[in-house]
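Q: With the input below, show me the fold.
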Amino acid sequence: MSPEEAPARRRGRPTGSRAGAPETREAILAAARSEFAARGYAKASIRGIARTAGVDPALVHHHFGTKEKLFGAALEFTFAPALVVPEILEGGPEGVGERLARRFLSTWEVPEVRERLIAVMRSALTEDAAAAMLREFVSRELLLRIAAQLDVPEPHLRAELAASHMVGMAVLRYVLQVEPLASADPEELVGLVAPALQRYLTER
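A: Residues are numbered from 1 along each chain as shown. Down below sits the predicted model:
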C-alpha cells in the first residue's frame, strides 16, 4: 500500500473487532459527556472526544455519525427514556405527576448519574444548540410520549410545560445550587412539584 492510499483507508468504515464492540461505544459516550461538560457543545470536537476515548475519530463517526447525533446519544444514554416512560405510565393518569417528579429527582440524587446530567446541563447553559437539543429531547422522548399516552388535548404544549418545570428545577438545584432549593429534601420537592406536573399532563 502506498502512503497516498493510507489516509483514504483510515477515513473509511472501521474494521476489526473493536469497531463494533459495546465497550467502545460506551467509552465514546463517556468521553463525549466529559468533553461537552469541559468545553461546551460548540468547542467540543469529534477529534477531541476520540482522543479522550482512546480511539480513532473514524470510530466516533462509525458509531454516531455527527457531533449533534453524539450529543443526542449522550442524552439518551443518560436519561434512558425507554425504561422511564413505562414506569411512569404504570397505574394510569392517577398519580402520574408524583411518579414523574419522584423518578426525576431520584435519578438526579444518584451521584454518578448526577455527574453525567450536570455535564449535559452545563453544555446546555452555555450553548444555544445544546440547549435546544436538551429541550427537544426531554420534551419529545420523555414527556411527549407520556402526554400522548394520557390522551389529553395539546400534548406537545403540555409536554413542553412539564419539561420547562423539570429542567428549570434541575438547573437551579443541581447546577447552580441555589438555596434553599439545593438543600431541600427530595420528598418535600416531590410534594410541591407533583401537583403542577399532574395538572400539565392530565387536566383537560
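
Q: quick one: secondary structure of residue 174?
A: Under DSSP: H, G, I helix; E, B strand; the rest coil, residue 174 falls in the helix class.

Q: Spatially central residue for the chain, please.
A: For the chain, the residue nearest the mean C-alpha position is residue 75 (2.4 Å; Cα atoms, centre = their mean).

Q: which ones are touching that residue?
A: Going by Cβ atoms under 8 Å, 6 or more residues apart in numbering, residue 75 touches 120, 133-134, 137. Every residue, glycine included, has its C-beta placed from N, CA and C.

Q: go on, residue 163?
A: Going by Cβ under 8 Å, 6+ apart, residue 163 touches 135, 138-139, 142-143.

Q: And for residue 134?
A: Applying Cβ under 8 Å, 6+ apart, the residues near residue 134 are 75, 120-121, 123-124, 167.

Q: Greatest separation within those residues: which pair is it?
A: Within the contacts of residue 134, 123 and 167 form the most distant pair, 13.1 Å apart (Cβ to Cβ).

Q: So between the two, which is more surrounded?
A: residue 123 (28 against 18; other Cβ atoms under 10 Å).

Q: ok, the more buried one touching residue 34?
A: No: counting by Cβ atoms under 8 Å, residue 123 does not reach residue 34; the two are 11.0 Å apart.

Q: In the chain, spot the helix with the most residues.
A: Longest helix in the chain by number of residues, with DSSP state H as the criterion: helix 22-43.

Q: what helices or strands is the next helix or strand after that helix leaning on?
A: Where DSSP states H and E defines the elements, the next helix or strand beyond helix 22-43 is helix 46-53. In terms of contacts (3 or more Cβ pairs under 8 Å, 6 or more residues apart in numbering; DSSP states H and E), helix 46-53 is packed against helix 22-43, helix 57-64, helix 67-79.

Q: let's see it at 6 Å
A: helix 22-43, helix 57-64 (3 or more Cβ pairs under 6 Å, 6 or more residues apart in numbering; DSSP states H and E).

Q: Just the CA coordinates for stretch 178-190, please, in PDB.
A: C-alpha atoms of stretch 178-190 as PDB (Å, rounded to 0.1, in the frame of the first residue of the first chain):
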ATOM      1  CA  VAL A 178     -29.500  28.000  44.500                       C
ATOM      2  CA  GLU A 179     -30.600  27.800  48.200                       C
ATOM      3  CA  PRO A 180     -32.900  26.800  49.800                       C
ATOM      4  CA  LEU A 181     -33.800  24.600  46.700                       C
ATOM      5  CA  ALA A 182     -30.300  23.000  46.600                       C
ATOM      6  CA  SER A 183     -30.600  21.500  50.100                       C
ATOM      7  CA  ALA A 184     -34.300  20.800  50.200                       C
ATOM      8  CA  ASP A 185     -35.400  17.300  51.000                       C
ATOM      9  CA  PRO A 186     -36.300  15.400  47.700                       C
ATOM     10  CA  GLU A 187     -39.600  14.200  49.200                       C
ATOM     11  CA  GLU A 188     -40.600  17.700  50.100                       C
ATOM     12  CA  LEU A 189     -39.900  18.700  46.500                       C
ATOM     13  CA  VAL A 190     -41.900  15.800  45.100                       C
END
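
Q: No more questions from me, cheers.
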